[in-house]
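A.B. asks: Here is the input, now give the coordinates:
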Amino acid sequence: MEISLHPVAASDAAWLIERHHVLYAQDEGFDDSFGALVAQIVTEFLATRIDGREQGWIAWRDGRRLGSIFVVQRDAQVAKLRLFLLEPEARGTGLAQRMLEQAFGFARAAGYAQIVLWTHESHRAAGRLYARNGFALVESEPQHSFGQDVVAQTWHRNL
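C.D. replies: Here you go, the predicted model:
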């Protein structure tokens, strides 16, 4: 069955929080503070989303969620990509590219000139995807976050 992208709904909140928490704990060793951060991001988005300027999507196939991606406003000209996640079974299928293109199209239509994101160096496949899609790595900084020593990265792309 075909994968479809649907706007995020309040009924997606528990899945978003749980899957980010579980997958990042499993893959990166992140502690509970990461799940708490995701819960805060999701709660704020659902409560304060700016119509026409912010949107999130959930990828679905056969009644099952496969991933998420969000575009939120950082400021009038800059959008921020957030909560980009794929279930392990959906990785390497082209879905990540499709979701990025959805986010770029929305951000352009909303009038943003640039899109930025924050991630970790350990997400090498994601970094390659971002680089292939015109993002430039503009900052890389060692930190201790979510119970782990990480290298935080900031990426920018003009729209």
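A.B. asks: Off-centre distance for stretch 5-15?
C.D. replies: Taking the mean of its C-alpha atoms, stretch 5-15 sits 13 Å from the chain's own mean (Cα atoms, centre = their mean, to the nearest Å).
A.B. asks: what's the answer for stretch 7-26, then?
C.D. replies: In terms of Cα atoms, centre = their mean, the centre of stretch 7-26 is found 11 Å from the chain centre.
A.B. asks: Which positions in that stretch come out as buried?
C.D. replies: Residues 8, 12-13, 16-17, 19-21, 23-25 are the ones in stretch 7-26 that count as buried (16 or more other Cβ atoms under 10 Å). For glycine as for every other residue, the C-beta is placed from the backbone atoms N, C-alpha and C.
A.B. asks: now stretch 94-111
C.D. replies: Along stretch 94-111, the positions that meet the burial threshold by neighbour count (16+ other Cβ under 10 Å) are 95-96, 99-100, 102-104, 106-107, 110.
A.B. asks: Among the buried residues of stretch 7-26, which has the minimum pLDDT value?
C.D. replies: Looking at these by pLDDT, the weakest one is residue 24, with 90.
A.B. asks: Show me what the helix or strand harbouring that one is packed up against.
C.D. replies: Residue 24 belongs to helix 13-28 when elements are defined using DSSP states H and E. In this structure, helix 13-28 packs against helix 32-48, strand 64-73, strand 78-86, with contacts taken as 3 or more Cβ pairs under 8 Å, 6 or more residues apart in numbering; DSSP states H and E.
A.B. asks: ok, now with 7 Å
C.D. replies: Using 3 or more Cβ pairs under 7 Å, 6 or more residues apart in numbering; DSSP states H and E as the contact criterion, the elements in contact with helix 13-28 are helix 32-48, strand 78-86.
A.B. asks: right, and the helix or strand after the first one?
C.D. replies: Pointing back at helix 32-48 there. Past helix 32-48, the next helix or strand by DSSP H and E is strand 55-61.
A.B. asks: Within its sheet, name the partner strands of that following strand and how each one runs.
C.D. replies: strand 4-7 (antiparallel), strand 64-73 (antiparallel) (DSSP bridges).
A.B. asks: quick one: low-confidence parts of the protein?
C.D. replies: Applying pLDDT under 70 to the chain picks out residues 1.
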